[in-house]
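*Asks:* Quick one, structure for this:
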Amino acid sequence: MKEFFTIGEISRLFGINVQTLYYYDSIGLFQPSERSSGGQRKYAFDKIYALASIRYMRKLGYSLDEIKDYMARLNVNITLDNLKHRSIMLKRQWEELLSIDMVIQRKIRFIEEQMKGLRVEEVCVRRYPDRRYIEIGREEILYHHDSFYFYPTIAFYIDESKSFGAYLYPDNEESISKIPEYQIKVIPEGDYLCGYHLGAYETVTQTIRKIRLSRPDLKLSDLTVNFNIVDQFVEHNNENYITNIQVRILGTNREGTGSFR
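*Replies:* Just a heads-up that it's a prediction; the model follows:
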């Protein structure tokens, strides 16, 4: 085995860019054993183990500053403590990544299901079961609320007044069970007059009025429930936003009661 290696040989041996080794040298993390009169870096054989340790810790996710600190006081007890701590941190990061993936998958399922066979010009009556949501409140606090980012958004309109909620789209019951019960509200089961708004939210109230006026034979709730299907999170052009508008049917104007099952 060679007594010394050049920086090029170390680079090829570990598959590390030479510039990276220069940087490691500049910060005092991995330095040559000696330099030739011409300034060429020379690494003794035992330096291989030091670089292998650095590579090992990088693969475990340690920062260069952390590695430099650990390498200066490396022994088996400290290493075991560090590895145990790192294992705990990685498990937490893994749980966070799983939570983020759950948000992504929920968004995909909701949009794909809502877009299936969607006809923007359609106004129809549909029956829905009870639907749960997290109450958020006024727009002033909307953007501070994590649920706004984690679940599909619902906007509740009464005339020009509006408030918001986060739709608990049929999801893993285990994840919903972690939400405090007092935060969960219900959109009641029933028949709803449904339509769509295509475009910016600033003009959604005009579409609400058109949908309500399209069925003068129906007694409708004062409350309009809007589900954001295509929103600012998936589309940069607000003219392409799609909102599902739903108004609960209370009965008919002719009979006073009605069933639309």
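
*Asks:* For stretch 57-67, buried residues please.
*Replies:* Residues Met57, Tyr62, Ile67 are the ones in stretch 57-67 that count as buried (16 or more other CB atoms under 10 Å). Using the backbone N, CA and C atoms, a C-beta is placed for each residue, glycine as well.

*Asks:* In JSON lines, list these along with distance to Arg209.
*Replies:* Listed next are these as JSON lines, based on distance: CB to CB, whole Å:
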{"residue": "Met57", "distance to Arg209": "63"}
{"residue": "Tyr62", "distance to Arg209": "60"}
{"residue": "Ile67", "distance to Arg209": "64"}
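
*Asks:* of those, closest to Thr207?
*Replies:* Distance to Thr207 across the buried residues of stretch 57-67 (CB to CB) is lowest for Tyr62, with 54.4 Å.

*Asks:* What separation do you get for that closest one and Phe150?
*Replies:* Note on Tyr62: its distance to Phe150, by CB to CB, to the nearest Å, is 30 Å.

*Asks:* Also Pro188?
*Replies:* 24 Å.

*Asks:* can you check Val204 too?
*Replies:* Distance from Val204 to Phe150, by CB to CB: 23 Å.

*Asks:* Who has more neighbours out of those two?
*Replies:* With neighbours defined as other CB atoms under 10 Å, Val204 and Phe150 compare such that Val204 has more, 21 against 16.

*Asks:* helix/strand/coil for that one?
*Replies:* Put simply, Val204 is helix when judged by DSSP: H, G, I helix; E, B strand; the rest coil.

*Asks:* That one and His197 touch, don't they?
*Replies:* Yes. Val204 is in contact with His197 according to CB atoms under 8 Å; the separation is 4.8 Å.

*Asks:* Common neighbours of the two, please.
*Replies:* Asn226, Thr243, Ile245 (CB atoms under 8 Å, 6 or more residues apart in numbering).

*Asks:* any idea what the last one is structurally, helix, strand or coil?
*Replies:* Put plainly, it is Ile245. Applying three-state DSSP: Ile245 is strand.

*Asks:* so it touches Cys194, yeah?
*Replies:* Yes. Taking contacts as CB under 8 Å, Ile245 lies within contact range of Cys194: 6.7 Å.

*Asks:* I'd like the next helix or strand past the lowest-mean-pLDDT helix or strand in the chain.
*Replies:* Of all the helices and strands that make up the chain, helix 173-177 has the lowest average by mean pLDDT, DSSP states H and E, namely a mean of 66. Counting by DSSP states H and E, the next helix or strand C-terminal to helix 173-177 is strand 184-187.

*Asks:* contact partners of that following strand?
*Replies:* Tyr128, Asp130, Arg131, Arg132, Tyr133, Ile134, Glu135, Ile154, Gly165, Leu168, Ile176, Val225.

*Asks:* Skip ahead from it and say which helix or strand is next.
*Replies:* Following strand 184-187 in sequence order, the next helix or strand is strand 190-198 (DSSP H and E).

*Asks:* ok, residues contacting that next one?
*Replies:* Here strand 190-198 makes contact (CB under 8 Å, 6+ apart) with 118-128, 203-204, 207-208, 210-212, 214-215, 218, 220, 225-226, 239-249, 258-261.

*Asks:* again with stretch 27-35
*Replies:* Contact with stretch 27-35 is made by 4, 7, 21, 24-25, 41-44, 47, 50-51, 54, 64, 67-68, 71, as judged by CB under 8 Å, 6+ apart.

*Asks:* My reading is that Lys219 lies in a strand. Confirm?
*Replies:* Yes. Lys219: assigned to a strand according to three-state DSSP.

*Asks:* where does the stretch 51-200 of the chain dip in pLDDT?
*Replies:* 171-175 (pLDDT under 70).

*Asks:* The same query, at a cut-off of 50, please.
*Replies:* For the stretch 51-200 of the chain, no stretch is flagged by pLDDT under 50.
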